[in-house]
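**Student:** I would like to see how this sequence folds:
(one chain, ligands or ions: 1)
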Amino acid sequence: MVRNCPICNNDKVTFLFKQNFNNDTISLMESYYVVSCDRCNMIYAYDIPSQEEFNKYYKEMSKYEYHNNNGMISDGYKNHFKNIFKFIQPHITKESKILDIGCATGALLNEFKENGYKNVLGIEPSEQCTKVAMEQYGIEVSNNFNNMQEGVCDLINYFVFCIRTHY
Ligand SMILES: [Zn+2]
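**Tutor:** Numbers count the residues shown, from 1 in each chain. Presented below is the predicted three-dimensional model:
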């Protein structure tokens, strides 16, 4: 499904690159085009499934649910999250409020928690993932923005969310 710019609704875009998924863990799509809007320069995924398909995917078959590994992430992901933590750590304090939008099972947030950061919060559409986040890491994860308290965060991670979703 191709879509207009989510910011200004323009339909004229410039193609930047094709994002391929070269593994078999994502069954929702094999690839998508990343484009920039010719009017406002918003960069977004152009030909992605509908919101209804995303909702179904995250509800039933998100790769982040790790059915085959009892909810635990692979060593590769663990190292990836450790590197993200090391990159961010110099820029925050132990009191910083950290929000991860699209946090899956909360493994990145857990990296902060294990290092003494107590104010971690996630948002994730997959209900199964929110359960795993609480069971595995004791991390509070909300299913949507409506359940969240109003407040200020010091660090917000929403990189992949921003590209892929329709909001
Ligand atoms: Zn635009």
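
**Student:** Return the list of helices and strands in contact with the helix ranked longest in the chain.
**Tutor:** Secondary structure of the chain read by DSSP state H shows that its longest helix is helix 75-88. For helix 75-88, the packing partners by 3 or more CB pairs under 8 Å, 6 or more residues apart in numbering; DSSP states H and E come out as helix 107-114. Where C-beta positions appear, they are placed from N, C-alpha and C, glycine not excepted.

**Student:** How about the helix it packs on, which residues are buried there?
**Tutor:** Judged by neighbour count using 16 or more other CB atoms under 10 Å, the buried positions of helix 107-114 are Ala107, Leu108, Leu109, Asn110, Glu111, Phe112, Lys113.

**Student:** Close to the ion: what parts of the protein are there?
**Tutor:** Within the chain, the positions near the ion by CB under 5 Å from the ion are Cys5, Ile7, Cys8, Asn10, Cys37, Arg39, Cys40, Met42.

**Student:** Please indicate which of these are buried?
**Tutor:** For the residues of the chain next to the ion, buried by 16+ other CB under 10 Å: Cys5, Cys37.

**Student:** Neighbours of Leu16, how many?
**Tutor:** Counted with other CB atoms under 10 Å, the neighbours of Leu16 add up to 13.

**Student:** I'd say it and Val34 touch.
**Tutor:** Yes: the criterion here is CB atoms under 8 Å, and Leu16 meets it with Val34 at 4.8 Å.

**Student:** confidence score at the residue at minimal distance from the centre of the chain?
**Tutor:** What sits nearest the mean C-alpha location of the chain, by CA atoms, centre = their mean, is Gly102, with 2.8 Å. Gly102 is assigned 82 on the pLDDT scale.

**Student:** and if you look at Tyr158?
**Tutor:** If you check Tyr158, the pLDDT there is 56.

**Student:** what do you get for Ile26?
**Tutor:** According to the prediction, Ile26 has pLDDT 58.
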